[in-house]
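> got a predicted structure plus its sequence, pasted below:
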Amino acid sequence: MLSVKNIYKSFNRLSILKGISFSQNKGEIIALMGKNGTGKSTLLRIIARIMKADSGTVTFNEKDLLSANSKYRNNMFYVGHEPGLYSFFSPIENLKFLLKTRDLSSKENSIEDKLDRYGLIDFIDKPIAVFSKGMLQKLKLVQIELVNPDLLLFDEPYSSLDEDGVVLVDQLIADIKMQNKSAILVLHDEYKAKKYGDFIFKLASGKISKKNAT
């Protein structure tokens, strides 16, 4: 399903990724781990074509993800440290816009139910500029549920969440596994990585290593 081959990336002549290669099959969850600054976020952004690699290839369902054709990325969804939404829009305005850009406007009727599930319904008409980090993190979970991608790229899903939010992420990952969908999750918790990942990939010194999570 996903094939990453010989990805190199440098910043100011400092090499961050040195020939990263791996593959992922349908239904697999990869826990991506490593110390701060090892290139985990950079790798996810390159796969999502938000950042350009110096060289290498990324294919998804045999389509070149690094090409200019955005349709090749329709069935994948990247969620980074920032919510990727308009701060002066309300949650419902942002989510309607998101669904429209992905030709998923038929799911608009589900927005209020999802916001309620994640404890955001009371803020449905408030600009997300007033949201706490935890609330923004929960809004990311709403986006994921609405889009329901075949491949999810999620950078630090547990960041800034309270206990209830952690449970919601656990449920989301369990749902992904149950639906036989795939994900690459940047995690710092070895327990979570072993619990939810099929494989653990560790980045260090620009290289990647793989081991079974169990």
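That came through, no problem. Numbering: from 1, shown residues only.

> could you list the domains of this protein?
Following automatic domain parsing, one finds the domains of the chain at 1-75+150-214, 84-148.

> let me see the mean pLDDT of the helix or strand encompassing Thr59.
Per DSSP states H and E, Thr59 falls inside strand 55-60. The average of the pLDDT scores along strand 55-60 is 93.

> distance of Asn69 from Gly19?
Distance, Asn69 to Gly19, using CB to CB, to the nearest Å: 25 Å. In short, each C-beta sits where N, CA and C put it, glycine included.

> likewise Glu190?
Distance from Glu190 to Gly19, by CB to CB: 26 Å.

> if we can go back for a sec, now the domains of the chain in CSV, with mean neighbour count?
Output for those, formatted as CSV (neighbours: other CB atoms under 10 Å):
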stretch, mean neighbour count
domain 1-75+150-214, 17
domain 84-148, 16
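
> ok, now which ones touch Ser205?
Contacts for Ser205 were tallied using CB atoms under 8 Å, 6 or more residues apart in numbering; they are 18, 38.

> contacts for the lowest-mean-pLDDT helix or strand in the chain, please.
Counting by mean pLDDT, DSSP states H and E, the chain has its least confident helix or strand at strand 63-64, which shows a mean of 86. For strand 63-64, contacts defined as CB under 8 Å, 6+ apart pick out 57-58, 69, 72.

> what's the most distant pair in the residues you listed?
Thr57 and Asn69 (14.4 Å; CB to CB).

> sec struct for the nearest residue to Met33 once chain neighbours are set aside, please.
Excluding the flanking residues, the one nearest Met33 by CB to CB, 6 or more residues apart in numbering is Lys202, at 5.1 Å. Here Lys202 is recorded as strand under DSSP: H, G, I helix; E, B strand; the rest coil.

> Lys202 is in contact with Ile30, isn't it?
No. Between Lys202 and Ile30 there is no contact under CB atoms under 8 Å: 10.9 Å.

> just checking, Ile7 touches Phe22?
No. Counting by CB under 8 Å, Ile7 does not reach Phe22; the two are 9.4 Å apart.

> so where's this structure uncertain?
Applying pLDDT under 70 to the chain picks out residues 68.

> ranges for the helices of the protein?
40-47, 91-101, 111-117, 133-147, 163-178, 190-196 (DSSP state H).

> closest one to Lys26 among these?
Using CB to CB, the helices of the chain put helix 163-178 closest to Lys26, at 11.8 Å.

> tell me which strands and helices the closest one is in contact with?
strand 29-33, helix 133-147, strand 182-186, helix 190-196 (3 or more CB pairs under 8 Å, 6 or more residues apart in numbering; DSSP states H and E).

> got TSV for the ones you listed, with distance to Glu108 too?
Shown next, in TSV, are these (distance: least, CB to CB, whole Å):
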stretch	distance to Glu108
strand 29-33	29
helix 133-147	9
strand 182-186	25
helix 190-196	30
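
> and these: which comes nearest Pro83?
Of all the helices and strands packed on helix 163-178, helix 133-147 comes closest under CB to CB, at 4.9 Å.

> using CSV, write down the CA coordinates of that closest one.
Output in CSV follows, covering the C-alpha atoms of helix 133-147 (Å, rounded to 0.1, in the frame of the first residue of the first chain):
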residue,chain,number,x,y,z
LYS,A,133,-4.3,22.9,23.1
GLY,A,134,-6.3,20.0,24.4
MET,A,135,-9.4,21.2,22.7
LEU,A,136,-7.5,21.7,19.4
GLN,A,137,-6.2,18.1,19.8
LYS,A,138,-9.7,16.8,20.2
LEU,A,139,-10.8,18.8,17.1
LYS,A,140,-8.1,16.9,15.2
LEU,A,141,-9.8,13.6,16.3
VAL,A,142,-13.1,14.9,14.9
GLN,A,143,-11.4,15.6,11.6
ILE,A,144,-10.0,12.1,11.4
GLU,A,145,-13.4,10.5,12.2
LEU,A,146,-15.1,12.5,9.5
VAL,A,147,-12.5,11.9,6.8
